[in-house]
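[1] sequence first, predicted model second:
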Amino acid sequence: MKIANGWKDYKVLATGDGEKLERWGEYTLLRPDPQVIWHAASPLEKCKGLDAHYRRETSGGGHWDIIRKMPEQWTISWQGIKFIIKPMGFKHTGLFPEQAVNWEKMLSLIKNANRPIKVLNLFAYTGAASIACAKAGASVTHIDASKGMVQRAKENAEINGISNIRFIVDDCEKFIEREIRRGNFYDAIIMDPPSYGRGPNGEMWKLEDKLFDFVALTKKVLSNKPLFVLISSYTTGLQASVLTNILSLNFGKGNIDSDEIGLPTEEDIVLPCGARGMKIW
């Protein structure tokens, strides 16, 4: 397992009964986590210093209970990169800290490539991977179907003084099809596809049905001197070996790094946070 243990501004404090207690900078949040199927040592909602608790509703969705006064948003940092944290709908904060294992690897690959690198970041959310790659010197194209998330990504880039990212609101599959017709190519491709989703015009996405063909499509915009292709997934049950198979069948065997990713906790256990597969040339 690859463990994101390089954080100073973030920590998983405790887990149990379907929830995780986290410190995000100065603030402590309690959120649901589907991987946490064990019991807590003590009730997490009674933790001293808890600032907000995301509670699921029986009718679906949920809401944040603000327990102590806190700002609408704040920033934390990782290796000099700043990220805006904002509790929002469906338990999210705008950042997935376990992805630091991927940022670290991509930073190293891009810096050591010793040539200009063009990166395509698909399902790019609030732009953490885009900013990490841009910080390493790459030229990045950032694609997400959500206008709100792309706006958040722009704000993250702005607070980091990043200008070498092209932000586009679009359905990822349709964007790639147009790039194929335009003859545009990329040296590195990142994707963190959702389990389920809809494009801006109602396009349906289900990971298990779409992922293999989608990865095959991205091969058509990969340059003749590729650096890496990264697939990251939080979908429960999608094992790292599945990502290995998808990458090897599309890009050839050899030099594929696939594993679970996770976060350390103060309970001295590791919280599983999905899987990643990376093909490196």
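    Arrived safely.

[2] quick one: residues contacting I85.
    W24, G25, Y27, Q73, W74, T75, I76, T93, G94, L95 (Cβ atoms under 8 Å, 6 or more residues apart in numbering). Where you see a C-beta, it was placed from the backbone N, CA and C, and this is true even at glycine.

[3] quick one, phi/psi of the fourth one?
    Dihedral angles of Q73 (phi, psi; degrees, to the nearest 10) stand at phi -150, psi 160.

[4] please list all residues in contact with it.
    Per Cβ under 8 Å, 6+ apart, neighbours of Q73: I84, I85, K86.

[5] export the residues you listed to CSV and append columns for secondary structure.
    Converted to CSV, those look like this (DSSP: H, G, I helix; E, B strand; the rest coil):
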residue, secondary structure
I84, strand
I85, strand
K86, coil
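
[6] could I get the residues you listed as a markdown table with pLDDT and distance to D17?
    Converted to a markdown table, these look like this (pLDDT from 0 to 100; distance: Cβ to Cβ, whole Å):
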| residue | pLDDT | distance to D17 |
| --- | --- | --- |
| I84 | 98 | 29 |
| I85 | 98 | 24 |
| K86 | 97 | 26 |
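
[7] where do the helices sit along the stretch 51-200 of the chain?
    Using DSSP state H, counting those that start in this stretch, the helices of the stretch 51-200 of the chain run over residues 100-111, 128-135, 147-159, 172-182.

[8] which one of those helices lies closest to I256?
    helix 100-111 (12.9 Å; Cβ to Cβ).

[9] now G127. Nearest residue, chain neighbours left out?
    A153 (3.0 Å; Cβ to Cβ, 6 or more residues apart in numbering).

[10] still on that earlier bit, I'd like the contacts of I85 laid out as a markdown table, including distance to A275 and pLDDT.
    A markdown table is the format used below for the contacts of I85 (distance: Cβ to Cβ, whole Å; pLDDT from 0 to 100):
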| residue | distance to A275 | pLDDT |
| --- | --- | --- |
| W24 | 24 | 98 |
| G25 | 27 | 98 |
| Y27 | 29 | 98 |
| Q73 | 30 | 97 |
| W74 | 30 | 98 |
| T75 | 28 | 98 |
| I76 | 24 | 98 |
| T93 | 21 | 97 |
| G94 | 22 | 96 |
| L95 | 19 | 97 |
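
[11] wait, which of those residues is closest to G49?
    Y27 (9.1 Å).

[12] now, of the contacts of I85, which are buried?
    W24, Y27, I76, T93, G94, L95 (16 or more other Cβ atoms under 10 Å).

[13] of those residues, which belong to strands?
    Counting by DSSP state E, these place W24, Y27, I76 in strands.

[14] confirm for me that the second one is in contact with M70.
    The one in question is Y27. Yes. Taking Cβ atoms under 8 Å as the definition, Y27 is a contact partner of M70 at 5.4 Å.
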